[in-house]
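S.K.: Task: produce atomic coordinates for the following.
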Amino acid sequence: MGTSSRQKKQRPPEDNRPGIWVGYGKLLALHRDRAGLTQQELAQALGYSVELVAKIEQGRRPAKTAFSEAAETTLNAGGTLAVLQDDVDLAKLPAFFQDFALIETEAISRYDFEPLLIPGLLQTEEYARALFTAHCPTLSDEIIEQHVEARLGRQKLLTRTPLVESCFIIGEAALTTVVGGDEVMRRQLQHLREQGSMRNVEIQVMPSGLGFHPGHNGSMVVLETLEHRRIGYIESQDVGLVITDPTKVSTFELRYGKLRTQALNSEESARLMERVAGEA
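M.R.: Below you'll find the model as predicted:
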């Protein structure tokens, strides 16, 4: 009897709703019922559509921070919704990236090499949306928006307190590969120059004509956590791998150090980005 009961509660394999969204939705519905409100009444009180409230309760749409804050006040939820917000936001990211994204929130330093595209933490909204729109296989409009929101949310890492020491080495090809059209690229290059002026962010460009260098092995990220653990991360074709083996991470650090000496310095890189932007 007990086994049968548990089997009935299992979600079917085709149900791809993130578990945290389902749990948040059930908790929201519980608080709403306790407050004696219908979905329509809660929607009116919060200033959202009843369709959105229904989808959030069903675990089919993630609640945004503003929604959770409003629901906390209206339903007197005692922080039980707000405490789930970070996990709700995390589930907007592609599944292969979520483990690293969680580690990333604890970084005190982060070093990124990306030869072909602008790194996610430095992307404008338009650039990010163009990348997700071109994804193969094609993503739905709803998934695209969720991924864009999550990527922009991750960028708070660069401005949070305490500041995260960050270095980005970007291949020159990333500056000249047009993503989303010329105007999107002009704004992206301007955004790069603005980000590079932050005191905890350094951006270097690896010139295309340099010849072979350690970065030809592919993109990589190396970060140090609050506990001073060093973690590596590599990603290709929608597959991400977190590297914790000290020997392998040490190799990443050695290669990254070599790349920093071979790339243009930050001033030279800024001038190159300005020149490319003028030609776009």
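S.K.: so where's the chain uncertain?
M.R.: Scanning the chain with the threshold set as pLDDT under 70 gives 1-14, 280.
S.K.: So which residue is smack in the middle of it?
M.R.: Central residue of the chain (CA atoms, centre = their mean): Arg151, 3.2 Å from the mean position.
S.K.: What's the local residue count around Phe252?
M.R.: Using other CB atoms under 10 Å, Phe252 is surrounded by 22 other residues. Heads up, the C-betas are built off the backbone N, CA and C, glycines and all.
S.K.: which ones are touching it?
M.R.: Applying CB atoms under 8 Å, 6 or more residues apart in numbering to Phe252 gives the contacts Met220, Val222, Gly232, Ile243.
S.K.: now Val249
M.R.: By CB under 8 Å, 6+ apart, the contact set of Val249 is Val222, Arg230, Ile231, Gly232, Ile243.
S.K.: returning to that earlier point: what's the distance between the residue nearest to the centre of the chain and Leu122?
M.R.: Arg151 sits at a distance of 10 Å from Leu122 (criterion: CB to CB, to the nearest Å).
S.K.: And stretch 248-261, what's buried?
M.R.: Using 16 or more other CB atoms under 10 Å as the test for burial, stretch 248-261 gives Val249, Thr251, Phe252, Glu253, Arg255, Tyr256, Leu259, Arg260.
S.K.: and if you look at stretch 224-233?
M.R.: Those would be Glu224, Arg230, Ile231, Gly232, Tyr233, for stretch 224-233 by 16+ other CB under 10 Å.
S.K.: Including distance to Ser266 and secondary structure, could those residues go into TSV?
M.R.: Listed next are those as TSV, based on distance: CB to CB, whole Å; DSSP: H, G, I helix; E, B strand; the rest coil:
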residue	distance to Ser266	secondary structure
Glu224	21	strand
Arg230	23	strand
Ile231	25	strand
Gly232	24	strand
Tyr233	23	strand
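S.K.: List just the nearest of the residues you listed to Thr105.
M.R.: Nearest to Thr105 among these is Ile231, at 12.0 Å by CB to CB.
S.K.: Touching, that closest one and Asp245? I think so.
M.R.: No: proximity of Ile231 to Asp245 does not meet the contact threshold set by CB atoms under 8 Å, at 10.2 Å.
S.K.: Counting neighbours, what do you get for Glu172?
M.R.: 20.
S.K.: Chain neighbours aside, what residue packs nearest to it?
M.R.: Ser208 (4.3 Å; CB to CB, 6 or more residues apart in numbering).
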